[in-house]
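*Asks:* Could you work out the structure for the sequence below:
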Amino acid sequence: MIAKPVLKNKFWIVQDNNGNQTATIQKLSHSKGVVLVSDEGRKKFPSIKVLGKEHGIKIGRVITPPADDEVGTVYGYSADGETFNTVFDVSKGLPLYTKLEASKSFFCAGYYIISFNGSWVKNYCPKMLTLDRNDYKGPFHTEVEMKERLAEIRAAR
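*Replies:* Got it, this is the predicted structure:
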């Protein structure tokens, strides 16, 4: 499981290995510590590290674009050509961009595997609409990472 930050050092969304939200973590404002909120209720921990160790949750960090973001990358993920209107969708964990400044059609930077009619296929920088309509895994930084995950999925069948 991984805890993806929504507000730096204040609020995280916990996701299982399939990307499903299972809980949230909130930093306590009145005292030190954090609270894990899930279907089982609320549980207080003295720190995020203690919570992570006890529940096997890897604590993610806020993704910010590199200062010298190269042309053709979005938040560290490669993109197909020049990018405009870059944004990171925290709720979905997707680095988004448009191919033209005036465009309203968003693409997802990086490599993905997408399930079409039960078959998993490789894809590079798909439209966001494609990911909204299908099951997917990603984004991956490299083609090698994507191929390794695809092999794992196919082997699990």
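
*Asks:* what residues are up against Phe45?
*Replies:* Counting by CB atoms under 8 Å, 6 or more residues apart in numbering, Phe45 touches 33-36, 51, 54. C-betas here are computed from N, CA, C, even on glycine.

*Asks:* for Gly110, same thing?
*Replies:* Counting by CB under 8 Å, 6+ apart, Gly110 touches 74, 77-79, 95, 124-125, 138-141.

*Asks:* Drop anything exposed from those.
*Replies:* Burial by neighbour count, 16 or more other CB atoms under 10 Å: within the contacts of Gly110 this picks out 74, 77-79, 95, 124-125, 138-140.

*Asks:* Return the distance of stretch 110-123 from the chain's centre.
*Replies:* Here stretch 110-123 is found 16 Å from its chain centre; the criterion is CA atoms, centre = their mean, to the nearest Å.

*Asks:* Same check on stretch 34-47?
*Replies:* Computed by CA atoms, centre = their mean, the separation of stretch 34-47 from the middle of its chain amounts to 22 Å.

*Asks:* and if you look at stretch 106-121?
*Replies:* Distance of stretch 106-121 from its chain centroid, counting by CA atoms, centre = their mean, is 14 Å.

*Asks:* Give me the domain ranges for the chain.
*Replies:* What the record gives for the chain is the domain set 2-59, 73-156, from automatic domain parsing.

*Asks:* Least reliable of those domains by average pLDDT, please.
*Replies:* Mean pLDDT values for these show the minimum at domain 2-59, a mean of 84.
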